[in-house]
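A.B. asks: Have a look; sequence and predicted model below, questions after that.
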Amino acid sequence: MYEFIFSISDLPLDLRFNVPFSKSISNRILAINHLKSDFRKPLSDLNLSDCEDTKIIADSLETISRNDIGIFDCKNSGTAFRFLLCVAAITKGRWTLIGASRMADRQVKPLVDVLNNLGASIMIDDRSDKYVVLVKGRKSLRNTRPTISLPPLPSSQIISGLLLIADHIHNFNLSISENQASMPYINMTEALIANPCFDNETDWSCSAFAYCLMAVRKQGSVFIPLLKRSSLQGDSVCERLFESFGVCSEFTEAGVMLRYDPSIISKASIEIDVSDFPDLFLPLVVAAVCFEGITRFVGLTNIRFKESDRLSVAMKCLSELGISHNFDGEGLTIFANPHYAAPLSRLVVDSDDHRVVMSFAMLAFAHTEIIIAHPDCVNKSFPAFWSNFGIAL
């Protein structure tokens, strides 16, 4: 896809921002629906996200249910790779999982090691320029130790994947570190296993870009249909977090209306620990760019293990924008920039990481234009993202 210029010159001040069903819930519901045949539902009844990650999991599970051999291209979807790896390990057959080369840096091997210690037969094939894992599936696995004890892991999906197949692991007893990052996602997995008939929700992670937009634009309104304050999703915390940047939320039965109100900004210096909600890091960074105070982000360990090293990418964009910032090894500090209302340097977002593109695109609401090099990468989580701004790719 060729690059394009994202400009908001023709957009009204009051916007409607449609977001899909939750990707995180969709991916877990799919695995649970596949593994628990006693209540299995047609996919059409599950209110699934329409994103690429969810389609990969749905198509792959369909293949697994009908065959004893399969090759699954997970691309750069860590969720798909980890969840499918767990399902393949306890399903008789021969399965090949293929991922982008970036997957080697995305904490898949620790899951391979855990599963093999439980009796799985999994091998990483390093003869390809892709990330390839070969699985000889078994009917079940067995824990031979009193407890499966895991250290804090950058990816909580390793734990979620194990929880999803727990009924197929004899003597399953898992100990989770008190310092484990992204615990709300693990809690979500446990809640969905306990209530597999749970109805999906509108996606809070995608809604964060609307909150970011309002924090940058500081005028008008954004309406997000069907979004609920009470949510199983840990990223619903973004309502509270964006209040620090002046974004207020007015919830009704129909959804939520976002407005900018500087009177609710109570602090000129903010510290945000993103260890439990890493997907909110980039939208919050962009909000901090347009904040007249100082923002410090901590809990950044797992930020480096996403579709890109999001910490490095964020700092590169901040430097190109001329935004004063500092990373001291423990946290990233973005310093006050009260004159940001005037357009600064031209920004080219040259990344194929969906959350990088969607987050930094919101700076178009403070700049004259943002150059987007890979606009179609949003399909990974939010295919209709650009349509909210009247853009059809």
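C.D. replies: Everything's here; your move.
A.B. asks: Run through who's touching stretch 220-227.
C.D. replies: Stretch 220-227 is contacted from outside by 12-19, 202, 204, 207, 210, 213-214, 251, 254-259, using Cβ atoms under 8 Å, 6 or more residues apart in numbering. All C-beta atoms are positioned from the backbone trio N, CA, C, and that covers glycine.
A.B. asks: change it to 7 Å
C.D. replies: If you take Cβ atoms under 7 Å, 6 or more residues apart in numbering as the criterion, stretch 220-227 is touched by 13-19, 202, 207, 210, 213-214, 254-259.
A.B. asks: Which stretches in the chain count as helices?
C.D. replies: 23-35, 52-66, 78-89, 109-117, 157-164, 183-194, 204-217, 238-243, 281-289, 310-321, 354-361 (DSSP state H).
A.B. asks: Need the CA coordinates for stretch 4-20. PDB is fine.
C.D. replies: Taking Å, rounded to 0.1, in the frame of the first residue of the first chain, the C-alpha atoms of stretch 4-20 are listed here in PDB:
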ATOM      1  CA  PHE A   4      -0.900   8.800   1.900                       C
ATOM      2  CA  ILE A   5      -1.400  12.100   3.600                       C
ATOM      3  CA  PHE A   6      -3.800  12.100   6.500                       C
ATOM      4  CA  SER A   7      -5.400  15.500   6.800                       C
ATOM      5  CA  ILE A   8      -8.400  16.500   8.900                       C
ATOM      6  CA  SER A   9      -9.100  19.900   7.200                       C
ATOM      7  CA  ASP A  10     -12.600  18.700   6.000                       C
ATOM      8  CA  LEU A  11     -13.700  16.900   9.100                       C
ATOM      9  CA  PRO A  12     -16.500  18.400  11.300                       C
ATOM     10  CA  LEU A  13     -15.800  19.200  14.900                       C
ATOM     11  CA  ASP A  14     -18.300  16.600  16.100                       C
ATOM     12  CA  LEU A  15     -17.300  13.100  15.000                       C
ATOM     13  CA  ARG A  16     -18.900   9.600  15.300                       C
ATOM     14  CA  PHE A  17     -16.200   7.000  16.000                       C
ATOM     15  CA  ASN A  18     -17.300   3.400  15.300                       C
ATOM     16  CA  VAL A  19     -15.200   0.700  16.900                       C
ATOM     17  CA  PRO A  20     -15.400  -3.100  16.400                       C
END
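A.B. asks: Okay, buried residues for that stretch please.
C.D. replies: By neighbour count on 16 or more other Cβ atoms under 10 Å, the buried set for stretch 4-20 is 6, 8, 15, 17, 18, 19, 20.
A.B. asks: again, but for stretch 267-287
C.D. replies: 270, 272, 274-287.
A.B. asks: Pick the one among those residues closest to residue 370.
C.D. replies: residue 286 (10.7 Å; Cβ to Cβ).
A.B. asks: Please list all residues in contact with that closest one.
C.D. replies: 212, 216, 359, 360, 362, 363.
A.B. asks: Single out whichever of those residues has the smallest pLDDT.
C.D. replies: Among these, residue 363 carries the lowest pLDDT, at 91.
A.B. asks: Leaving out chain neighbours, which residue sits closest to it?
C.D. replies: Counting by Cβ to Cβ, 6 or more residues apart in numbering, residue 370 is the residue found nearest to residue 363 once chain neighbours are left out, at 5.7 Å.
A.B. asks: What is the neighbour count of the one you found?
C.D. replies: When neighbours are counted by other Cβ atoms under 10 Å, residue 370 registers 22.
A.B. asks: doesn't residue 361 make contact with it?
C.D. replies: Yes. In this structure residue 370 lies within contact range of residue 361 using Cβ atoms under 7 Å: 5.6 Å.
A.B. asks: got a pLDDT number for the residue of the chain most remote from its centre?
C.D. replies: Ranked by distance from the centre of the chain (Cα atoms, centre = their mean), the top residue is residue 144, with 33.7 Å. For residue 144, the pLDDT comes out at 91.
A.B. asks: thinking again about what came up before, any idea how far the residue nearest to residue 363 is from residue 113?
C.D. replies: 41 Å (Cβ to Cβ, to the nearest Å).
A.B. asks: Give me the common contacts of residue 370 and residue 361.
C.D. replies: Joint contacts of residue 370 and residue 361 (Cβ under 7 Å, 6+ apart) are 6, 349.
A.B. asks: thinking again about what came up before, want to try a markdown table for the contacts of residue 286, with distance to residue 245 as columns?
C.D. replies: Output for the contacts of residue 286, formatted as a markdown table (distance: Cβ to Cβ, whole Å):
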| residue | distance to residue 245 |
| --- | --- |
| 212 | 9 |
| 216 | 9 |
| 359 | 14 |
| 360 | 16 |
| 362 | 12 |
| 363 | 14 |
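A.B. asks: And those residues, which is closest to residue 171?
C.D. replies: For the contacts of residue 286, the nearest to residue 171 is residue 359 (43.5 Å; Cβ to Cβ).
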